[in-house]
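*Asks:* Structural data only, the sequence is not supplied:
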Ligand SMILES: Nc1ncnc2c1ncn2[C@@H]1O[C@H](COP(=O)(O)OP(=O)(O)OP(=O)(O)O)[C@@H](O)[C@H]1O
């Protein structure tokens, strides 16, 4: 329990009084410092789960408890959480620097401190030379990298990412994954979703597999591959969720 970061207890979530719940009795815990991958077919409930963990949504039933200076709700630890959404969350008509200054101001960071942090993050993801360009002129990979660093301005202890490398070239992907590895080495717990299973195999310590709103596997990849006698994450997901399309 000492190393437990968060505990999820019997979470149910229904949107708009829908009869079929999007999350259906989800239970698990995450330890501090882990890199956790949440996987499953389209519509399985990954985004809904992440949104509840970082207090964007409330569950219909059940609870999430963070063990950070006592037992806390997601809302109480909000300033320690970072969320990188799947959809871009910046203003395209502003420059990268203006976007970062705006989002940084929401965290009440001091002006000097914020300006240093902005430059440091822009350097890390190779965007410093375009900091004064409008984001609408950026390539898809540049937009993804900006989308990521917007969530890092307040040095979150726990970082949630919803498909952080979707639609980017290999260069941007490497830049993003290297930064995430560096943050994890410095102690940031990372919880992410991705459909890039090769990338995830190398990146994650823990796997949570979800389908129809239920957890169907939760352990290390090594343990799950051995238990289900499959050779990789893709085969594991196919074995446990089947090959029927989810449209
Ligand atoms: N705002 C919403 N209103 C109503 N239903 C929703 C809403 N958001 C999600 N759902 C439904 O909840 C279920 C889970 O959706 P969710 O987006 O969490 O899945 P996901 O695993 O993240 O899917 P994907 O891989 O396509 O991003 C789906 O049936 C979806 O249609």
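*Replies:* The structure has been received and is ready for your questions. Keep in mind the model is a prediction, meaning the values are calculated, not measured.
*Asks:* What segments of this protein are strands?
*Replies:* Counting by DSSP state E, the chain has strands at residues 4-13, 23-31, 35-39, 61-67, 71-72, 81-84, 158-162, 189-193, 206-211, 214-220.
*Asks:* tell me which residues form a beta bridge with residue 9?
*Replies:* Taking DSSP bridges as the rule, residue 9 bridges to residue 63.
*Asks:* who's in contact with it?
*Replies:* By Cβ atoms under 8 Å, 6 or more residues apart in numbering, the contact set of residue 9 is 27, 62, 63, 64, 65. In this view, the C-beta of every residue, glycine as well, is placed from N, C-alpha and C.
*Asks:* What is the burial count for the fourth one?
*Replies:* What that stands for is residue 64. By other Cβ atoms under 10 Å, 22 other residues sit near residue 64.
*Asks:* So which residues of this protein form helices?
*Replies:* All helices of the chain, identified by DSSP state H, fall at 46-53, 96-105, 111-124, 140-150, 170-185, 197-203, 221-228, 233-241.
*Asks:* Was I right to think residue 44 contacts residue 212?
*Replies:* Yes - here residue 44 reaches residue 212: they are 6.8 Å apart, a contact under Cβ atoms under 8 Å.
*Asks:* The two: which is more packed in?
*Replies:* residue 44 (23 against 17).
*Asks:* Any figure for the gap between that one and residue 210?
*Replies:* According to Cβ to Cβ, to the nearest Å, residue 44 and residue 210 sit 5 Å apart.
*Asks:* ok, back up a step: output the strands of the chain in TSV, with mean pLDDT appended to each entry.
*Replies:* Converted to TSV, the strands of the chain look like this (pLDDT from 0 to 100):
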stretch	mean pLDDT
strand 4-13	97
strand 23-31	96
strand 35-39	97
strand 61-67	97
strand 71-72	94
strand 81-84	96
strand 158-162	96
strand 189-193	96
strand 206-211	96
strand 214-220	96
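*Asks:* any chance of the ones you listed in JSON lines, with distance to the ligand too?
*Replies:* Formatted as JSON lines, those follow (distance: least, Cβ to the nearest ligand atom, whole Å):
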{"stretch": "strand 4-13", "distance to the ligand": "8"}
{"stretch": "strand 23-31", "distance to the ligand": "8"}
{"stretch": "strand 35-39", "distance to the ligand": "8"}
{"stretch": "strand 61-67", "distance to the ligand": "15"}
{"stretch": "strand 71-72", "distance to the ligand": "24"}
{"stretch": "strand 81-84", "distance to the ligand": "14"}
{"stretch": "strand 158-162", "distance to the ligand": "7"}
{"stretch": "strand 189-193", "distance to the ligand": "7"}
{"stretch": "strand 206-211", "distance to the ligand": "7"}
{"stretch": "strand 214-220", "distance to the ligand": "12"}
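*Asks:* I'd like the ones you listed written out as JSON lines, with distance to residue 108 added.
*Replies:* Below are the strands of the chain laid out as JSON lines (distance: least, Cβ to Cβ, whole Å):
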{"stretch": "strand 4-13", "distance to residue 108": "24"}
{"stretch": "strand 23-31", "distance to residue 108": "28"}
{"stretch": "strand 35-39", "distance to residue 108": "29"}
{"stretch": "strand 61-67", "distance to residue 108": "21"}
{"stretch": "strand 71-72", "distance to residue 108": "20"}
{"stretch": "strand 81-84", "distance to residue 108": "15"}
{"stretch": "strand 158-162", "distance to residue 108": "19"}
{"stretch": "strand 189-193", "distance to residue 108": "23"}
{"stretch": "strand 206-211", "distance to residue 108": "33"}
{"stretch": "strand 214-220", "distance to residue 108": "37"}
